[in-house]
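Colleague: What follows is a predicted protein model with its sequence.
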There are 2 protein chains.
Amino acid sequence: MKSFTIYNPVKIHFGNGMLAQAGSIAKKYSDNILIVTGKNSMQKTGTLDKLVKILKESGITVTVYDGITPNPTATEIDEAAKIAKQKKVGLIIGLGGGSPLDSAKAIAVAAKGDIPVWEYLKTPANDALPIITIVSTSGTGSEVNRYSVMTNPATGEKPGFGYECMYPKEAIIDPEITSSMPPYVTAATGFDVFVHIFEAFTGKAKNEFSSAYCMQAFYLLKDNLIKAYSEPDNMQARGDMALASALAGLAIDISGVSIMHAMEHPVSGNYPNIAHGAGLAVLALESMKYNLNACKRDYILIAHHFGIKRADKSDDEYAMSLIEKTKEILTALNLNVRLKDLGVEKDKLQKIAKEAFATMGFAIDNNPAVIDEKGVLKLLENSY
Amino acid sequence: MKSFTIYNPVKIHFGNGMLAQAGSIAKKYSDNILIVTGKNSMQKTGTLDKLVKILKESGITVTVYDGITPNPTATEIDEAAKIAKQKKVGLIIGLGGGSPLDSAKAIAVAAKGDIPVWEYLKTPANDALPIITIVSTSGTGSEVNRYSVMTNPATGEKPGFGYECMYPKEAIIDPEITSSMPPYVTAATGFDVFVHIFEAFTGKAKNEFSSAYCMQAFYLLKDNLIKAYSEPDNMQARGDMALASALAGLAIDISGVSIMHAMEHPVSGNYPNIAHGAGLAVLALESMKYNLNACKRDYILIAHHFGIKRADKSDDEYAMSLIEKTKEILTALNLNVRLKDLGVEKDKLQKIAKEAFATMGFAIDNNPAVIDEKGVLKLLENSY
């Protein structure tokens, strides 16, 4: 029997219209706040203006840093942390998808210290400004866990890190905000949820707590992943995907990710225009085939939770049917393409394989089947 | 779509031999500690001595209060809180089953205030000494949630209460400790787990997070509830029941309990020799029948998770088969008796029905089907 520790102190507020509570929630921590967000969608949809108004009406002083790019860089994070220090803010609010949420956590750490944020990959952080997340995608999972991913713009390295002080104090999950996601973002972030629960449920570090979240999330995805994409105004599907994203975020907080994430981070680290979920999509099928024999029982359970009919299939056939089902999902989401279609150059595959080990070693260690650099290169080539 | 808030900051340490970590865990909070426990089992099994030794070896000053009885009274709690104040302890460790764990939380509150603990039923508490739980049964669920139940020895009232400051900081769940439970305790506390997840999964306040815990716990119970009773040395079954107890404790922390708990509290409040789980056992079948039509879909899902074959059963028949299965479980656990067999006097039923509403109204409100005092009396009479 495995020994393990479970801990997640994030207070999660879920519900349509929950954004209206942002003022009273934030005020518990500070009346001088930095909002961290990207340059586009939160402005276009009016969500940023709405949040600023809500906060100001609660008597809060608001600074906005909207310089976060997709696959955010350590440079942006250090810049925002400098502003947080100058303005002496007492709380960081991350607003948006995975990039601003991850960045908010890293900024909260860097704002309390005196070293560039990149150094926290090796130097444990014990203190951070309080963090609140307001998520706009379903998604990242970042809204409810301690993880942050950042990119070194000079090298393309894209490691993840996470310390206890980086847990958001509170998370506001308002499906109305996520309903403004365009179809491609709905598809890519929705598939990220699938990979989170797939990797947490099959990884070596799985346990009964992460599996509980995963099983519930598989159950929600089954009916809602494609529906949220094909029926953008279906608020039930949006709500269920927001719940699935949070459950998946809790699952990886406990049991981590594995090979797909290990390979995808250097892909989008080297090609920052590639959306994380789209990168995962091209790597999923080959990774699933590679791991099948190492965790066949898990594949069978997932197939069962996905409502795939067993009929008279053998164990092998039933496990394989999960991979076929995944291919169908990818096709329905218009994500069933190849690595080369995303603009990745073939001669970069070696570098990507190397970086998977250098920056995402913990995820490789968590993979159900043993794999070396040659094996990773082969998976990349097969996905090309 | 429902709105809700999820929050549980307890750090859970699970594993065989985890008790050995008690010193390093406790020392983070204080070097002057009060252990709260009962008069019997933790002494007989040597667990109390072992814990005291571990703590002392970490340089911690230890006081033991071992005056907690089954169905603990407010008098005992006030007495222990007085000792905590006199000794100026900085941490309360609850060691044992539900009674000492619940009491530890109430003592932690009372030790910070100046009013008798009973008054906290109406006066919200904002502060408590830090609490660590070390659970010896599977169980109460109290090891991982904020709830505390206490009895007024003068009136027999047995209400539950729980504030945010009452969450244990950390919970040590060591299946080796639970392996010393005698069969009757294994059966009664194991059936309490069943009722926790049954009531959290069917109650009005259910949501996707509590349901995730419940489904995983049903899955664990299916194979291990009877096994832990009939094979006391089966450590796999002990471990899985310890996990199920924790998952169930998290589930009721979110979504509460309902009619069975509402009726059982005044039963064991008036008859303190009745074990909580045994009281639940005699009330379960009638309660399940009463609620069947209000949450048939949930019964069907539970039946499915319990591995009951559907064959060509109608929805009604399949839902009913869960009640039949529960009866089989109760029989296998030797808990399938009547209220009168537990020594309850028939002329007390009216008082019990009244107190169910007076002290456990929140649980009645959570019941899937509406019920009034007359309806509760009828359930009690049918269970007599």
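Modeller: Ah, there it is. Numbering: from 1, shown residues only, chains lettered A, B, ... in the order given.

Colleague: Would you mind listing what in the stretch 151-300 of chain A touches chain B?
Modeller: Taking Cβ under 8 Å from any Cβ of the partner chain, the part of the stretch 151-300 of chain A that reaches chain B is made up of A:175, A:208-209, A:211-213, A:215-217, A:220, A:235-236, A:239, A:243, A:247. Every residue, glycine included, has its C-beta placed from N, CA and C.

Colleague: List the contacts of the spatially closest residue to residue A:15 that is not a sequence neighbour.
Modeller: The spatial neighbour of residue A:15 that comes closest, neighbours along the chain excluded (Cβ to Cβ, 6 or more residues apart in numbering or on different chains), is residue B:3 at 2.6 Å. Residue B:3 makes contact with A:13-18 under the criterion Cβ atoms under 8 Å, 6 or more residues apart in numbering or on different chains.

Colleague: With residue A:242 instead?
Modeller: A:14, A:135, A:138-139, A:173, A:175, A:178.

Colleague: gap between it and residue A:184?
Modeller: In this view, residue A:242 and residue A:184 are 18 Å apart by Cβ to Cβ, to the nearest Å.

Colleague: Go ahead and confirm residue A:158 touches residue A:358.
Modeller: No. The pair residue A:158 / residue A:358 is not scored as a contact, 10.6 Å apart, by Cβ atoms under 8 Å.

Colleague: which one of the two has more residues nearby?
Modeller: residue A:158 (24 against 13; other Cβ atoms under 10 Å in any protein chain shown).

Colleague: ok but that one is inside a strand, no?
Modeller: No. Per DSSP: H, G, I helix; E, B strand; the rest coil, residue A:158 lies outside any strand segment and is coil.

Colleague: quick one on the thing from earlier: show me the two of the contacts of residue A:242 that sit farthest apart.
Modeller: Spatially, the most separated pair among those is A:14 and A:139, at 13.0 Å (Cβ to Cβ).

Colleague: For these two, indicate the residue with more neighbours.
Modeller: Neighbours per residue (other Cβ under 10 Å) separate residue A:14 from residue A:139, with residue A:139 holding more: 30 against 23.

Colleague: ok, residues contacting stretch A:328-345?
Modeller: A:184, A:187-188, A:190-191, A:194, A:225-226, A:229-230, A:267, A:270-271, A:273-274, A:277-279, A:281-285, A:327, A:346, A:352, A:380, A:383-384.

Colleague: Would you write a PyMOL line that selects the buried entries of those residues?
Modeller: To isolate the buried members of these in PyMOL, using 16 or more other Cβ atoms under 10 Å in any protein chain shown:
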select buried, chain A and resi 187+188+190+191+194+225+226+229+267+270+271+274+277+278+279+281+282+283+284+285+352+380+383
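
Colleague: Just the contacts of stretch A:328-345: which are in helices?
Modeller: Counting by DSSP state H, the contacts of stretch A:328-345 place A:184, A:187-188, A:190-191, A:194, A:225-226, A:229-230, A:267, A:270, A:277-279, A:281-285, A:327, A:352, A:380 in helices.

Colleague: Against residue A:318, how distant is the most far-flung residue of chain A relative to its centre?
Modeller: Within chain A, the residue lying farthest from the chain centre (Cα atoms, centre = their mean) is residue A:312, at 36.7 Å. Applying Cβ to Cβ, the value for residue A:312 to residue A:318 is 10 Å.

Colleague: what about the closest residue in space to residue A:129 that isn't next to it in sequence, which helix or strand?
Modeller: Take residue A:129 and drop its neighbours on the chain: the residue closest to it by Cβ to Cβ, 6+ apart is residue A:108, 4.2 Å away. In this assignment (DSSP states H and E), residue A:108 forms part of helix A:98-110.

Colleague: State the pLDDT value of the residue nearest to residue A:15.
Modeller: pLDDT, residue B:3: 97.

Colleague: Same question for residue A:85.
Modeller: On pLDDT, residue A:85 comes in at 98.

Colleague: What residues does it make contact with?
Modeller: Residues near residue A:85 by Cβ under 8 Å, 6+ apart: residue A:111.

Colleague: Could you report the separation of it from chain B?
Modeller: Distance of residue A:85 to chain B, computed by Cβ to the nearest Cβ, to the nearest Å: 28 Å.

Colleague: Next one: the spatially most central residue of chain A from residue A:40, what distance?
Modeller: By Cα atoms, centre = their mean, the mean C-alpha position of chain A lies nearest to residue A:140, the distance being 2.7 Å. Counting by Cβ to Cβ, the gap from residue A:140 to residue A:40 is 16 Å.

Colleague: Same question for residue A:68.
Modeller: On the measure of Cβ to Cβ, residue A:68 and residue A:40 end up 10 Å apart.

Colleague: Please identify which of those two sits among more neighbours.
Modeller: Neighbour count, other Cβ under 10 Å: between residue A:68 and residue A:40, residue A:68 has more, with 27 against 12.

Colleague: On the pLDDT front, check the more buried one for me.
Modeller: 97.

Colleague: With residue A:153 instead?
Modeller: So residue A:153 comes in at 89 (pLDDT).

Colleague: Look up the closest residue to residue A:299, ignoring the ones flanking it.
Modeller: residue A:319 (3.9 Å).

Colleague: what about the one you found, how many residues close to it?
Modeller: Residue A:319 has 22 nearby residues by other Cβ under 10 Å.

Colleague: Kindly report the same for residue A:248.
Modeller: 34.

Colleague: Would you map the helices across the stretch 251-384 of chain A?
Modeller: Here the stretch 251-384 of chain A has its helices, by DSSP state H, counting those that start in this stretch, at A:259-270, A:276-291, A:296-305, A:315-332, A:349-365, A:373-382.

Colleague: show me the contacts for residue A:155.
Modeller: Contacts of residue A:155 (Cβ under 8 Å, 6+ apart): none.

Colleague: Can you tell me how far it is from residue B:347?
Modeller: Residue A:155 sits 81 Å away from residue B:347, going by Cβ to Cβ.

Colleague: List phi and psi for residue A:3.
Modeller: phi -100, psi 140 (degrees, to the nearest 10).

Colleague: Hmm, residue A:279 is touching residue A:267, no?
Modeller: Yes. Counting by Cβ under 8 Å, residue A:279 touches residue A:267, with 4.6 Å between them.

Colleague: how many neighbours does whichever residue of the stretch 51-200 of chain A sits closest to chain B have?
Modeller: Residue nearest to chain B within the stretch 51-200 of chain A: residue A:175 (7.0 Å; Cβ to the nearest Cβ). Per other Cβ under 10 Å, the neighbour tally for residue A:175 reads 24.

Colleague: Can you give me the pLDDT of it?
Modeller: Note on residue A:175: pLDDT of 98.

Colleague: okay, residue A:71: pLDDT?
Modeller: 88.

Colleague: Look up the closest residue to it, ignoring the ones flanking it.
Modeller: Per Cβ to Cβ, 6+ apart, closest to residue A:71 is residue A:272, 4.2 Å.

Colleague: who's in contact with that neighbour?
Modeller: The contact partners of residue A:272, by Cβ under 8 Å, 6+ apart, come to A:69-71, A:151.

Colleague: Got phi/psi on it?
Modeller: phi -60, psi -10.

Colleague: Likewise for residue A:368?
Modeller: phi -60, psi -40.

Colleague: same check, this time on the one 4 residues further on
Modeller: Dihedral angles of residue A:372 (phi, psi; degrees, to the nearest 10) stand at phi -110, psi -180.
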